[in-house]
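[1] Provide a 3D model corresponding to the input given below.
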Amino acid sequence: MSQKNKEPIISIRSLRHSYLEGETMKEVLHSVDLDFYEGEIVIIMGPSGSGKSTLLKIIGAQLTLQEGDVRIGDCNLSGATQKDLMKIRRRLGFIFQSHHLLDSISVLQNVQLPLAFDETITSAISKERALNALAMVGIDSQAYKKPSKLSGGQRQRVAIARALIRKPAIVLADEPTASLDEKSGREVVEIIRKMAKDMGVTVVLVTHDNRILDIADRIVSLVDGKIRD
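    Numbers count the residues shown, from 1 in each chain. Predicted structure coming up:
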């Protein structure tokens with residue numbers, strides 16, 4: 001996919017990040033430069049401890065930016081206020097290895113959760129959008145069941161629907177197929193591929209799963225906190 005003359009939707013420059021390990025600081029990201037473009041699927045691969053999840057959390061405004069420059073659309077994480085960070089997070093959808101679904105409420109209610117504190121969204125609109133998101137991932141027939149009644153693959157579909165409820169420009173996925181068998185994993189990544197192509201969503205996906213590399217427009221290798229071509 002050629003991205004010539006396009007502005008990146010995510011731009012990262014000279015990104016560094018460290019953790020306190022014992023009494024010393026361990027740098028896990030070393031001067032990372034990366035761009036991501038509208039509608040593309042980028043898979044980030046690398047061994048455990050290479051900084052993949054840390055990078056994803058920084059892009060998702062879940063970790064404080066320590067050093068460098070990260071721009072999401074027209075918002076810069078550097079010096080961002082809490083209000084700015086909230087604006088950035090609203091542009092994002094998140095899919096995790098664990099579904100993080102609440103078994104005490106229905107599938108429909110789980111998908112509605114990201115809209116729960118949005119005063120501009122009525123309950124009727126919230127329900128309609130949640131049903132539409134569930135239909136998009138082919139699981140609207142299970143809307144009124146509890147998540148515990150679904151298979152692993154079905155629960156991950158619900159998690160994708162929840163990620164789509166805000167109509168995000170960007171979806172960040174951390175090992176979305178790790179707990180699934182081959183058939184369910186393939187179904188999930190095909191939904192992710194369709195989402196990117198039909199809706200123009202940018203997908204940044206961290207994985208160890210070699211079975212799903214074919215959906216990527218680009219594969220980025222992160223080793224010891226550095227980008228390897």
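[2] going forward, measure contacts between C-alpha atoms and count neighbours the same way
    Noted.
[3] and the lowest mean pLDDT element among the helices and strands of the chain?
    Ranking every helix and strand in the chain by mean pLDDT, DSSP states H and E puts helix 82-89 at the bottom, with a mean of 84.
[4] any idea which helix or strand comes after it?
    Going down the chain from helix 82-89, the next helix or strand is strand 92-95, by DSSP states H and E.
[5] ok, that following strand: who's next to it in the sheet?
    Note on strand 92-95: by DSSP bridges, its sheet partners are strand 170-174 (parallel).
[6] okay, the angle between the partner strand and helix 82-89?
    80 degrees (axes from the mean of the first three to the mean of the last three Cα atoms, to 10 degrees).
[7] please name the residues that touch the closest residue in space to Asn76 that isn't next to it in sequence.
    Leaving out its chain neighbours, the residue that sits closest to Asn76 by Cα to Cα, 6 or more residues apart in numbering is Val70, at 5.9 Å. Listed by Cα atoms under 8 Å, 6 or more residues apart in numbering, the contact set of Val70 reads Ile10, Ser11, Ile12, Arg13, Leu15, Ile59, Asn76, Leu77, Ser78.
[8] from the residues you listed, which ones fall inside helices?
    Judged by DSSP state H, helices contain the following of the contacts of Val70: Ile59.
[9] just among the contacts of Val70, which is most surrounded?
    For the contacts of Val70, the largest number of neighbours (other Cα atoms under 10 Å) sits with Ile59, at 24 neighbours.
[10] tell me the SS of Glu190?
    Put simply, Glu190 is helix when judged by DSSP: H, G, I helix; E, B strand; the rest coil.
[11] quick check: it vs Asp181, distance?
    The gap separating Glu190 from Asp181 is 14 Å, by Cα to Cα, to the nearest Å.
[12] mind checking which of these two has more residues around it?
    A count of neighbours by other Cα under 10 Å puts Glu190 above the other of Glu190 and Asp181, at 15 against 11.
[13] tell me the confidence at Gly200?
    For Gly200, the pLDDT comes out at 90.
[14] repeat that for Val42.
    Per-residue pLDDT puts Val42 at 96.
[15] measure it to His208 for me?
    For Val42, the distance to His208 (Cα to Cα) stands at 13 Å.
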